[in-house]
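> Any chance you could fold what I've pasted below:
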Amino acid sequence: MTKFRWIICALLFFATTVNYLDRQVLSLTWKDFIALDFHWNDNDYGNITSIFSIFYAFISLFAGKFIDWMGTKKGYIWAIVIWSFGACLHAACGWATMTFVGVENVEALRALEKGSKIALMVSSVSVWLFLACRIILATGEAGNFPAAIKVTAEYFPKKDRAYATSIFNAGASVGALAAPLTIPLLAESMGWEMAFIIIGAIGFVWAGLWFFLYTAPSKSKYVNSAELTYIESDKDEGENVEIKTDKKEPKMSILDCFKYRQTWAFIVGKLMTDGVWWFFLFWAPAYFSELGYPSSSGMGQALIFVLYLIVTVVSIFGGYLPKLFVEKIGMNPYAGRMRAMLIFAFLPVFAMFAQPLASTSVWWPCIIIGLAGAGHQAWSANLYSTIGDMFPKSAIATITGIGTMFGGLCSFAINKGSGLLFTHAESLGESFRFFGVTGKPAGYMIVFCYCAVAYLLAWCIMKVLVPKYKVIKL
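I've put the predicted structure just below:
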């Protein structure tokens, strides 16, 4: 049997890694490089990131439908080409700002008096230009997960989908790990503009590989009959496998999707938990900095590296666990997936001990947050796979996009709320208390407690909505 499905899985992994790298370039260059040119403050950067989050959530609702309509091959190419173009376009914001304002060079730009009328104009114009680029980036990036989940359903039987999803989903943590090790170095040696161009250009290379390598399994010259038989092994379980027929599946509209309890179960799983991952992603470096280890220090970088190393290794095993339940115990894929999700829902519970144990050693919160993040990624891989368990292939990307939209709204709410909470807690100082912790650490304690219980609550609601495996047939 050929193993071409794993080549496809590797391509999905690299696409997800590039997705996160492109998203992280701005966050790793704005403070030390871009802000010096355009006189940005924290509020300017906050406006850019919050609008990006909201637009990403909104466009995700339609990105999945676009992938289902366009098809996996063309849809994925359009998605990565658009977001790569948007990533590279950031590099032109400096030139465009200088042209519009009438400043001759970067030296003159940096020499502007802080707070002057022209400096404020530079700040305002550059923010709007970067916002335009972020919107283009979000438009393309919103298609990554709907396309990847659809491809996984095409190339893997149900029992293997969570494992395959956990592998390509690990690209998120690998991208988050690689970004601070590469992007600041590129910006320092070649300028922040080249950091956007080099990282963004990788996506065009990937699009070329996808164009030449991907086709449906039944038509692929790299998939032999034995592998095809394995991929299609679910058709006896009622799965609608699109092979050797020209008949197309009926389509499901976005509004029709909301009629099913299975859709709402997926929405709940994303809505209650996605913000936890984005909180860890955006705030863990700041948290370690609060403990005295900024990301610019060797110890700070070591903490971040170990954290995401734990996430990557443990989360991949999380996708393999349902396969064991199916093959060793004989459970159906959905039941095996839900049992695995329950197990991994307990890993984030340890997050409530991160703050109390921080006084003992900074490595305790590092390990705890790493395990909680791994629990999320393992949960996420299985959650995504529940779509392919119960929905026809023609609706998979659409359902993924709907869930991603609600997950994006949750991410915006938690990260925006965390910033407000931490500022409020810091201003009150010792008078702000929670579980025996005072000041800003008490703010972190509140958010850690939510992270600890979010997955168990989400699992219980999902189980009530969809207690047993039930395939939706159109």
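> Quick one: low-confidence residue ranges for the chain.
Within the chain, the stretches with pLDDT under 70 are 42, 235-250, 295-296, 474.
> in it, which residue is closest to the centre?
Computing the C-alpha centroid of the chain and ranking residues by C-alpha atoms, centre = their mean puts residue 172 first, at 5.9 Å.
> My guess is it contacts residue 21. True?
No: Residue 172 sits out of contact with residue 21 when judged by C-beta atoms under 8 Å, with a separation of 10.4 Å. In short, each C-beta sits where N, CA and C put it, glycine included.
> Report the next helix or strand after the helix or strand harbouring residue 337 in sequence order.
Here residue 337 sits within helix 333-345, counting by DSSP states H and E. Toward the C-terminus, helix 333-345 is succeeded by helix 354-358 as the next helix or strand (DSSP H and E).
> what's that following helix packed up against?
For helix 354-358, the contact count by 3 or more C-beta pairs under 8 Å, 6 or more residues apart in numbering; DSSP states H and E identifies helix 363-390, helix 439-465 as packing neighbours.
> related to what we said a few turns ago, can you tell me what sits against the helix holding residue 337?
158-159, 161-162, 318, 321-326, 329, 331, 375, 378-379, 382-383, 385-386, 389-390, 455-456, 458-459, 462-463, 468-469 (C-beta atoms under 8 Å, 6 or more residues apart in numbering).
> Among those residues, name the buried ones.
Among the contacts of helix 333-345, the ones that count as buried by 16 or more other C-beta atoms under 10 Å are 158-159, 161-162, 318, 321-323, 325-326, 331, 375, 378-379, 382-383, 385-386, 389-390, 455, 458-459, 462, 469.
> Leaving out chain neighbours, which residue sits closest to residue 376?
residue 277 (4.6 Å; C-beta to C-beta, 6 or more residues apart in numbering).
> Enumerate every residue touching that neighbour.
Contacts of residue 277 (C-beta under 8 Å, 6+ apart): 373, 376, 377, 380, 411.
> Please report the distance of the last one from residue 71.
Separation of residue 411 from residue 71 (C-beta to C-beta, to the nearest Å) stands at 29 Å.
> These two: which has the busier surroundings?
Shown here are residue 411 and residue 71; by other C-beta atoms under 10 Å, residue 411 has more neighbours (24 against 14).
> Need the phi and psi values for the more buried one.
Backbone torsions of residue 411, given as degrees, to the nearest 10, read phi -60, psi -40.
> Show me the protein divided up by domain.
1-238, 251-474 (automatic domain parsing).
> Relative to the whole chain's centre, how far out is the first one?
This means domain 1-238. 10 Å (C-alpha atoms, centre = their mean, to the nearest Å).
> Then the shortest one?
In terms of C-alpha atoms, centre = their mean, the gap separating the centre of domain 251-474 from the centre of its chain is 11 Å.
> By neighbours, which of the contacts of residue 277 wins?
The residue in the contacts of residue 277 with the most neighbours, by other C-beta under 10 Å, is residue 376 (32 neighbours).
> Make sure it is actually in contact with residue 273.
Yes: assessed by C-beta under 8 Å, residue 376 is found in contact with residue 273 at 6.4 Å.
> Overlap of the contact sets of these two?
By the contact definition C-beta under 8 Å, 6+ apart, residue 376 and residue 273 are jointly contacted by residue 455.
> show me where the stretch 51-200 of the chain has helices.
72-89, 93-101, 106-110, 117-141, 144-155, 158-190, 192-213 (DSSP state H, counting those that start in this stretch).
> Rebuild these as CSV, extending it with distance to residue 436.
Output for the helices of the stretch 51-200 of the chain, formatted as CSV (distance: least, C-beta to C-beta, whole Å):
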stretch, distance to residue 436
helix 72-89, 45
helix 93-101, 47
helix 106-110, 47
helix 117-141, 41
helix 144-155, 40
helix 158-190, 32
helix 192-213, 43
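> for those helices, which one ends up most surrounded?
helix 144-155 (a mean of 28; mean count of other C-beta atoms under 10 Å).
> what's it packed up against?
Applying 3+ C-beta pairs under 8 Å, 6+ apart, one finds that helix 144-155 makes contact with helix 4-29, helix 42-70, helix 72-89, helix 158-190, helix 363-390, helix 396-428.
> ok, now with 10 Å
For helix 144-155, the elements it packs on are helix 4-29, helix 42-70, helix 72-89, helix 158-190, helix 225-231, helix 363-390, helix 396-428, judged by 3 or more C-beta pairs under 10 Å, 6 or more residues apart in numbering; DSSP states H and E.
> Can you say which of the ones you listed is nearest to residue 216?
Nearest to residue 216 among the helices and strands packed on helix 144-155 is helix 72-89 (7.9 Å), distances taken as C-beta to C-beta.
> Can you get me a residue count around residue 467?
So residue 467, with other C-beta under 10 Å, has 11 neighbours.
> how far away is it from residue 268?
Remark: distance between residue 467 and residue 268 (C-beta to C-beta) = 14 Å.
> before we move on, what about residue 210?
Distance from residue 210 to residue 268, by C-beta to C-beta: 32 Å.
> for residue 194, same thing?
Counting by C-beta to C-beta, the gap from residue 194 to residue 268 is 43 Å.
> Residue 446 too?
The gap separating residue 446 from residue 268 is 22 Å, by C-beta to C-beta.
> Same question for residue 306.
Distance, residue 306 to residue 268, by C-beta to C-beta: 32 Å.
> and if you look at residue 429?
Note on residue 429: its distance to residue 268, by C-beta to C-beta, is 37 Å.
> For those two, work out which one has more neighbours and name it.
When residue 429 and residue 268 are compared for neighbours, residue 268 comes out ahead with 21 against 10, by other C-beta under 10 Å.
> right, and the more buried one touches residue 458 too?
Yes: using C-beta atoms under 10 Å, residue 268 is in contact with residue 458, at 5.6 Å.
> Now the common contact residues for the two.
residue 383 (C-beta atoms under 10 Å, 6 or more residues apart in numbering).
> so how far is residue 51 from residue 348?
29 Å.
> Tell me which of these two has more neighbours.
Taking other C-beta under 10 Å, residue 348 and residue 51 do not tie; residue 348 has more neighbours (29 against 17).
> Which residue, neighbours along the chain excluded, lies closest to that one?
The spatially closest residue to residue 348, leaving aside those adjacent along the chain, is residue 372, at 4.2 Å (C-beta to C-beta, 6+ apart).
> With residue 174 instead?
The shortest distance from residue 174 to any non-neighbouring residue, by C-beta to C-beta, 6+ apart, is to residue 17 (5.2 Å).
> Please report how far the one you found lies from residue 127.
Residue 17 is 28 Å from residue 127, where distance means C-beta to C-beta.
> repeat for residue 329
Applying C-beta to C-beta, the value for residue 329 to residue 127 is 55 Å.
> Good, we can wrap up now.
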